[in-house]
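Novice: Attaching a predicted model along with its sequence, questions to come.
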Amino acid sequence: MSKRLIVILGPTAIGKTELSIQVAERLHTDIISCDSRQFYKDIPIVTAAPSAEELKRAKHHFIGMLGLDDYYSCGRFEIEALAKLEELFASHDDVVMVGGSMLYIDALCNGIDDRPNVDEKLRDELWKRYETEGISNMLGELKILDPEYYEEVDPHNYKRIIHALEICLETGKPYTEIRKQEKKQRPFDIVKIGLTLPREEMYDRINRRTYVMIEDGAEAEARNVYPYRHLNSLNTVGFKELFAYIDGDYSLEKAIEEIQKNTRRYAKKQMTWWKRDQEINWFSPFEKELSFTFSYIPFSKFLILSYS
């Protein structure tokens, strides 16, 4: 029997965690987390990591495995996740992977592209521009050179913006074109299940989830890691706004509004990214019974969801 990786993806706050646990329970298997923010320990509230009770229901991998100052990349995840899958497939026919980190999902499913080497002089020039100009002008240049990637990239993630410009300027081609090389073959089947909702419903869930995060202690968590706010692991939605509140730049109400706004913006980018993937089978998380019919995996009305 062939081995199968069941990938459950979708925008933030859509209900991926509960569905992934239900699938894992039904198939008596483990879960690989593919949320790059949840790789880090000590920040489970802002990153919406699975609760202790959820972790008891199914064994998870790649949760809270890194210190805040640890470096991690898509390439390293590809290598380590493939190794973990080889280990898990020795005793399971199916393994679940869940998350919303687009690049990391692509790395495991399709492989990291063989990208060209970038001239060090060009790299130095771009970093000097960032230090003197900031990221806004460089983001505008990326919009001209690669409008497709401009729509996908986090406008605050200066490292990815600079890297995309490096590739565009080095090759004379859009970064998107370089990324769309032939995907690597994997020794297992891949089934992709996407969760989606109409935009207003999705945004409402994001807004409500933000209030729950605050009630669960997000401010205290942010204050606890505030001394490390310069680290890349904390350069993310939720922490940036709470740090601004701690600095006195925002009121708490303003910080909450900014978290909601920036999370909605990120969810839009997630959906833009996944719309190009024709392998994703899309469902609403509110369907009481999901009947998944694939050519090689018989999901037959066993996923009973209970979202409020």
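Specialist: In hand now; what should we look at?
Novice: all helices for the protein, in order.
Specialist: For the chain, helices defined by DSSP state H occupy the ranges 16-27, 52-57, 74-89, 102-110, 120-133, 136-145, 147-152, 158-171, 175-179, 199-215, 218-225, 239-246, 252-274.
Novice: neighbours around the nearest residue to Tyr226 once chain neighbours are set aside, how many?
Specialist: In space, Tyr226 comes closest to Ile246 once its chain neighbours are excluded; the distance is 5.8 Å by CB to CB, 6 or more residues apart in numbering. C-beta: built from backbone N, CA, C; applies to glycine. By the criterion of other CB atoms under 10 Å, Ile246 has 16 neighbours.
Novice: quick check: domain ranges of the chain?
Specialist: The domain map for the chain lists 4-112+182-304, 120-179, with the assignment taken from automatic domain parsing.
Novice: Adding mean pLDDT as columns, could you present those in a markdown table?
Specialist: Formatted as a markdown table, these follow (pLDDT from 0 to 100):
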| stretch | mean pLDDT |
| --- | --- |
| domain 4-112+182-304 | 91 |
| domain 120-179 | 88 |
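Novice: quick revisit: in contact with the residue nearest to Tyr226, which residues?
Specialist: Going by CB atoms under 8 Å, 6 or more residues apart in numbering, Ile246 touches Ala222, Arg223, Tyr226.
Novice: Let me know the closest of those residues to Leu82.
Specialist: Checking the contacts of Ile246 against Leu82 by CB to CB gives Ala222 as the nearest, at 34.1 Å.
Novice: tell me the contacts of Gly75?
Specialist: Counted by CB under 8 Å, 6+ apart, Gly75 has contacts Ala107, Ile112.
Novice: doesn't Pro198 make contact with Ile14?
Specialist: No: proximity of Ile14 to Pro198 does not meet the contact threshold set by CB atoms under 8 Å, at 11.8 Å.
Novice: and Lys143, how many residues sit next to it?
Specialist: 12.
Novice: How about it, nearest residue that isn't a chain neighbour?
Specialist: Tyr150 (4.3 Å).
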